[in-house]
Every structure is written in C-alpha cells, then in structure tokens.
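Trainee: Can you look at this prediction? I've put the sequence above it.
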Amino acid sequence: MQSLRRAAVAGSWYPGTREALERAVDAHLASAQAVKEPCPRAIIAPHAGLMYSGPVAAHAYQLVRGCSYDAVILVGPSHFVAFDGVSVWSQGAWESPLGSVPVAAPIADAIASAGPFLPHAAAHGREHSIEMQLPFVARLLPGVPIVPMVMGLQSRATAERLGDALARALEGRAVLLVASSDLSHYQDARTAAALDAVVLRHVEAFDPEGLMRALEGEPGHACGGGPMVAVLRAARALGATRARVLRYADSGDVSGDKDSVVGYAAAAIW
C-alpha cells in the first residue's frame, strides 16, 4: 500500500485550496447549532459534496472542538470497489488542502490484527466517504492521526465483526470513532424523510441490532449502514451509553430540488 493517499475529490467536492477550504468549513461550523455536551466517543456524519453535507456534518463535528484524541477512526462504505471485508489504510498519510493527515500506524495495525481486514488499496483510491471527513478532522483536530477504513459488502457478519474488533483494539485508547454515511437516495423529500426516520430512530435508541434489522428489511436505507452499525456496536462495548441525532436535512435544502433528494444526518454517541 502506498505511503501517501492522494486526494481524489479536492477541487470538486470541496475547495482545493487551504484558504477556501478553511473558509467553507468555518462557515458551516459557525452555522451549526451549539450543543452543550461532553466530547463524544463517536459521531455519524454524511459524506456528500461539502456544500450539501457540510451544513449537517458540522453539527456533529462542532462537538469535538477543543477535545483531545489519540486518533480518529474513520469507517466508510465502498462506492466503487466490491469486496468482502474491510480495508484498512495502515501507513503514511492522506493528502489534504489543509496539510497531509498522518495515519496512526500502531493503532491501524492493532485494529487490522483483530478483525476481518485486508490491505485493499484500490478500495481507497476513488473513495470519497472517508475523504469527505478530512476537512473537518484536519481543521478541528490538527495533527491528530487517522485510521481510514473502507467496508466492502455490508453484511451483518462484517459489520458485527468490525464493531467487535474495534472494541478489542481500542480498549483504553482515547479515540474518536466516525461512521461516514448518507441516508436515502433519490426519493422525493417526503418519502426520504419517512425512510430516514426509521434509521434515525435506531440511532437515537443506540440500537445497532435494530438498525441492522431495519437495513436488512429495507424499510430504511443508509449507504454507510454497515459502518454505522459497526461504530455503534464498538462505542457501546467501549462504554458509551447514549446517542443523539443532532440534525437531519436533505440535498434539496441546498439545491431547491425536493423531488429527488439524498438524506443526511449528524449524530453523536457518548
């Protein structure tokens, strides 16, 4: 696996220069509702283009301002490469307009030795689900290393094994877990809100098993449902006891098109 993962969507999905990206991230954070809560153990954030998902993701990321973490564990779905298992990027750094973000190699190795993982570099090449978290991570937690993880086929077995492996490897470590996921795709806004409410009820109830059942039965949809289940499961095993949905919106709130939207949500777990 290469030591530097090059940015794939800088300059298109988000601004490609430091100054413009800082302005965009700071504007989203300034608009996010302030919530009086302690530093979270985990968050859920969307991964569409920054102009669409940033206003929602900021509601989760504003909670980590001033927090201290040893690493940020980023778990996202694979949109372009189909494979069974989870690929961990275990060395080097990820390129960003805000400066290269280092990979926490010792923590990545500990995770990789604990679960269903493989070094599948191609799964990371074009993938945006992890990259879209970096503007907020690099801006709010500068210098904190990351462990980027891409989940292939999002089966129950893989999501549960990943959650259990994360819990084993991260015990005693001060890390932030991040599940990267959008919600329903290309429904009208009313239908999307109904479908997404099913997913968010299970998140708010801190119920990864119920969320997995809902995703399997398809009354709700989340492109990163597997990462969400894994992160909720790991956070619970690491001592978290509650979850809160902070914000829900859809792409039509930005584009004006409410006939075909993508749903976005931000949530935090303590």
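Mentor: That came through, no problem.

Trainee: And the residue nearest to Ala114 when sequence neighbours are not counted, which helix or strand is it part of?
Mentor: With sequence-adjacent residues excluded and distances taken as Cβ to Cβ, 6 or more residues apart in numbering, Ala114 is closest to Ala165, at 4.0 Å. Just so you know, the C-beta spots here come from the backbone N, C-alpha and C atoms, and that holds for glycine as well. If you go by DSSP states H and E, Ala165 is part of helix 156-170.

Trainee: Please apply the same query to Arg23.
Mentor: Per DSSP H and E: Arg23 is located in helix 18-31.

Trainee: in that helix, what's buried?
Mentor: Residues 21-22, 24-25, 28-29 are the ones in helix 18-31 that count as buried (16 or more other Cβ atoms under 10 Å).

Trainee: I'd like those laid out as JSON lines, including distance to Arg5 and pLDDT.
Mentor: JSON lines is the format used below for the buried residues of helix 18-31 (distance: Cβ to Cβ, whole Å; pLDDT from 0 to 100):
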{"residue": "Leu21", "distance to Arg5": "17", "pLDDT": "98"}
{"residue": "Glu22", "distance to Arg5": "21", "pLDDT": "98"}
{"residue": "Ala24", "distance to Arg5": "22", "pLDDT": "98"}
{"residue": "Val25", "distance to Arg5": "20", "pLDDT": "98"}
{"residue": "His28", "distance to Arg5": "24", "pLDDT": "98"}
{"residue": "Leu29", "distance to Arg5": "25", "pLDDT": "98"}
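
Trainee: Please list the outside residues in contact with the helix or strand following the helix holding Ala165.
Mentor: Downstream of helix 156-170, the next assigned helix or strand under DSSP H and E is strand 175-180. Strand 175-180 has contacts (Cβ atoms under 8 Å, 6 or more residues apart in numbering) with 40-47, 64, 67, 69-77, 107, 129-130, 132-133, 137, 141, 166, 170, 224, 227-228, 230-232, 234-235, 269.

Trainee: Packing partners of the very next helix or strand once past strand 175-180?
Mentor: Sequence order places strand 185-187 as the next helix or strand after strand 175-180, per DSSP H and E. Judged by 3 or more Cβ pairs under 8 Å, 6 or more residues apart in numbering; DSSP states H and E, strand 185-187 is in contact with strand 261-269.
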